[in-house]
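Trainee: the amino acid sequence is not available; the structure is as follows:
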């Protein structure tokens, strides 16, 4: 059985639902040993990871540095974890945070990475992803001893595969001076639901006509418990902030 | 300041992509400057105006890619370097290595800016490869940046309505995204001036004589079928709202 590492993301201390599709991809119908790699506390939810085929949960930290202070520190700690546990396949979310981490990891070890995949085949070492802004899909092969990829959030349907996971803690002992330092996380829109975690998305296009009209979608969304997205045309016209743009072309 | 901007020549996102030979595409379509790279070019030109220096455009592509270099020059960059290849698509590991090699050949950079991703191969990683190769810190999804005394302070989008305020020592690599600035539309005099700015050419095979062993390979491209027609709901606002609610219940299961 191959070992596959799955990078787990949390938000407000909760394990994001979109991780479950990543775990399903990593498991490959139970053919792989899945190690969940987690750098933030979410201890009371580890049983949810066990529902999706995780056999080992590795809680990564460093006694010499706060990993939250820099994405370079976190990437370095994950690389040390991969070396320690013999992980040469790593899958995560192609969310803004996940994409950044996976690219840092792949670049630091000088191995390929493919982002925003809608399907992966760990046996053939191929992925399916968009090319040309959603006009085509590409089947891409990773020709390398490593397989590092980011999954588009919610692209892979989660499939339960319950098992028991061993929980281990790993001190990555990383203390390199960070290249990039996080000073502050600012909330610029506290009412905005994470598009990738939303069950329902209402997306507005350019025919909404104005920023004022567009804001009526927020009222509708709050009734449905939905998130609001916007097409590129609507964003370009100034009706909606680009942070809620769905896709590149809309 | 010596600022390099890495710019890609890409098919317009409105272009109709025709697949050729199973894993390639017909390049007989309109090509443009990669939209995310426009924010990078604009930022570099603004920084040059404020702090002085030089903005150098680097583009890897076929001979047709020179048009994109000229577009970047018409936005105010000073000169261009065309890394010539015959292939329409080049693997990210090779591209990152080529860009790093040319910047080093040119004596290094104070700042490197590129778009956060290309709209064709959507690799989302060149900035990282470049940064590691050059030994510089890197950030992406940058929506604001300030340079002061050898330090770059940036705001990066994180999704979920959040931005991270980050600090990097210069020289550094920046991945620009929408919101960083408003790219200018060059006027005719700028476009004419751009035709006379120097563009030097160097072959990819000269810059990267040995391709990296590890790589990604496009095995096939498949067209995605056109989406269905929009469902237009008729009637008065009250009737339409009622029909819409029924649709949500019956088809969207809300």
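Mentor: Arrived safely, thanks for sending. The model shown is predicted, which means the values in this text are computed figures rather than measured ones. Residues are numbered from 1 along each chain as shown, chains lettered A, B, ... in the order given.
Trainee: ok, which stretches of chain A are helices?
Mentor: Remark: helices assigned in chain A by DSSP state H are A:19-27, A:46-50, A:71-85, A:96-108, A:211-224, A:232-236.
Trainee: got it, and chain B?
Mentor: B:35-51, B:66-74, B:92-105, B:126-134, B:188-195, B:204-207, B:237-250.
Trainee: now those helices in CSV, with mean pLDDT?
Mentor: Compiled in CSV, the helices of chain B are given as follows (pLDDT from 0 to 100):
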stretch, mean pLDDT
helix B:35-51, 97
helix B:66-74, 98
helix B:92-105, 97
helix B:126-134, 97
helix B:188-195, 96
helix B:204-207, 97
helix B:237-250, 83
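Trainee: nearest to chain B, out of the helices of chain A?
Mentor: helix A:96-108 (4.0 Å; Cβ to the nearest Cβ). Any C-beta I mention is one placed from the backbone N, CA and C, and that applies to glycine too.
Trainee: what about residue A:77, distance to residue B:88?
Mentor: In this view, residue A:77 and residue B:88 are 39 Å apart by Cβ to Cβ, to the nearest Å.
Trainee: what does residue B:48 give?
Mentor: Taken as Cβ to Cβ, the span from residue B:48 to residue B:88 is 32 Å.
Trainee: so these two - more neighbours on which side?
Mentor: residue B:48 (19 against 16; other Cβ atoms under 10 Å in any protein chain shown).
Trainee: these two touch, right, the more buried one and residue B:76?
Mentor: Yes. Look at residue B:48 against residue B:76 with Cβ atoms under 8 Å: they come within range, at 7.4 Å.
Trainee: now do the shared contacts for the two.
Mentor: By Cβ atoms under 8 Å, 6 or more residues apart in numbering or on different chains, residue B:48 and residue B:76 have these common neighbours: residue B:55.
Trainee: buried residues in the biggest strand by length in chain B?
Mentor: Looking across chain B with DSSP state E, the single longest strand is strand B:138-148. Across strand B:138-148, burial judged by 16 or more other Cβ atoms under 10 Å in any protein chain shown covers B:138-143, B:145, B:147.
Trainee: the residues you listed: which two are farthest apart?
Mentor: Pairwise distances across the buried residues of strand B:138-148 (Cβ to Cβ) peak at 17.9 Å, for the pair B:141 and B:147.
Trainee: where does the prediction get shaky in chain A?
Mentor: For chain A, applying pLDDT under 70 flags the ranges A:190-194, A:196, A:243, A:247-250.
Trainee: what sits against the residue nearest in space to the middle of chain A?
Mentor: With distances taken as Cα atoms, centre = their mean, residue A:93 lies nearest the centre of chain A, 1.9 Å away. By Cβ under 8 Å, 6+ apart, the contact set of residue A:93 is A:7, A:9, A:16, A:18-19, A:22, A:99, A:150-151, A:153, A:196.
Trainee: can you put the residues you listed in JSON lines and add neighbour count and distance to residue B:28?
Mentor: Shown next, in JSON lines, are the contacts of residue A:93 (neighbours: other Cβ atoms under 10 Å in any protein chain shown; distance: Cβ to Cβ, whole Å):
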{"residue": "A:7", "neighbour count": "25", "distance to residue B:28": "41"}
{"residue": "A:9", "neighbour count": "22", "distance to residue B:28": "42"}
{"residue": "A:16", "neighbour count": "22", "distance to residue B:28": "43"}
{"residue": "A:18", "neighbour count": "23", "distance to residue B:28": "39"}
{"residue": "A:19", "neighbour count": "27", "distance to residue B:28": "43"}
{"residue": "A:22", "neighbour count": "31", "distance to residue B:28": "39"}
{"residue": "A:99", "neighbour count": "24", "distance to residue B:28": "32"}
{"residue": "A:150", "neighbour count": "30", "distance to residue B:28": "32"}
{"residue": "A:151", "neighbour count": "32", "distance to residue B:28": "34"}
{"residue": "A:153", "neighbour count": "23", "distance to residue B:28": "35"}
{"residue": "A:196", "neighbour count": "21", "distance to residue B:28": "37"}
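Trainee: out of the helices of chain B, which is the most enclosed?
Mentor: Among those, ranked by average contacts under mean count of other Cβ atoms under 10 Å in any protein chain shown, first place goes to helix B:126-134 (a mean of 25).
Trainee: what is it packed up against?
Mentor: Contact partners of helix B:126-134 among helices and strands, from 3 or more Cβ pairs under 8 Å, 6 or more residues apart in numbering or on different chains; DSSP states H and E: helix A:96-108, helix B:92-105, strand B:111-115, strand B:138-148, strand B:172-176.
Trainee: ok so, going back, a markdown table please, covering the helices of chain A and showing distance to chain B.
Mentor: Below are the helices of chain A laid out as a markdown table (distance: least, Cβ to the nearest Cβ, whole Å):
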| stretch | distance to chain B |
| --- | --- |
| helix A:19-27 | 14 |
| helix A:46-50 | 20 |
| helix A:71-85 | 7 |
| helix A:96-108 | 4 |
| helix A:211-224 | 6 |
| helix A:232-236 | 8 |
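Trainee: what's the burial count for residue A:199?
Mentor: So residue A:199, with other Cβ under 10 Å, has 12 neighbours.
Trainee: contacting residues for residue B:87?
Mentor: If you count contacts by Cβ under 8 Å, 6+ apart, then residue B:87 has residue B:62 around it.
Trainee: quick one, grab the pLDDT at it.
Mentor: Here the pLDDT value assigned to residue B:87 is 94.
Trainee: for it, phi and psi?
Mentor: For residue B:87, the backbone dihedrals (degrees, to the nearest 10) come out as phi -80, psi 140.
Trainee: state the distance from it to chain A.
Mentor: According to Cβ to the nearest Cβ, to the nearest Å, residue B:87 stands 15 Å off from chain A.
Trainee: just residue B:204 next, same as before
Mentor: Distance from residue B:204 to chain A, by Cβ to the nearest Cβ: 18 Å.
Trainee: residues from the stretch 1-150 of chain B in reach of chain A?
Mentor: For the stretch 1-150 of chain B, the residues in contact with chain A (Cβ under 8 Å from any Cβ of the partner chain) are B:11, B:13-14, B:16-17, B:19, B:23, B:25, B:35, B:91-93, B:96, B:119-125, B:128-129, B:131-132, B:136-141.
Trainee: can you verify my assumption that residue A:147 contacts residue A:121?
Mentor: No. Assessed by Cβ under 8 Å, residue A:147 is found out of contact with residue A:121, at 9.9 Å.
Trainee: between the two, which has more neighbouring residues?
Mentor: residue A:147 (22 against 14).
Trainee: list the beta-bridge partners for that one.
Mentor: Residue A:147 forms beta bridges with residue A:89, as assigned by DSSP bridges.
Trainee: dump the residue contacts of it.
Mentor: A:88-90, A:122, A:125.
Trainee: before we move on, what about residue B:101?
Mentor: B:207-208.
Trainee: over to the one 5 residues further on?
Mentor: Residue B:106 is in contact with B:4, B:56, B:81, counting by Cβ under 8 Å, 6+ apart.
Trainee: in strands, which of those fall?
Mentor: Using DSSP E, the contacts of residue B:106 in strands are B:4, B:56, B:81.
Trainee: neighbour-wise, which of those leads?
Mentor: Most surrounded of these: other Cβ under 10 Å gives residue B:4, at 29 neighbours.
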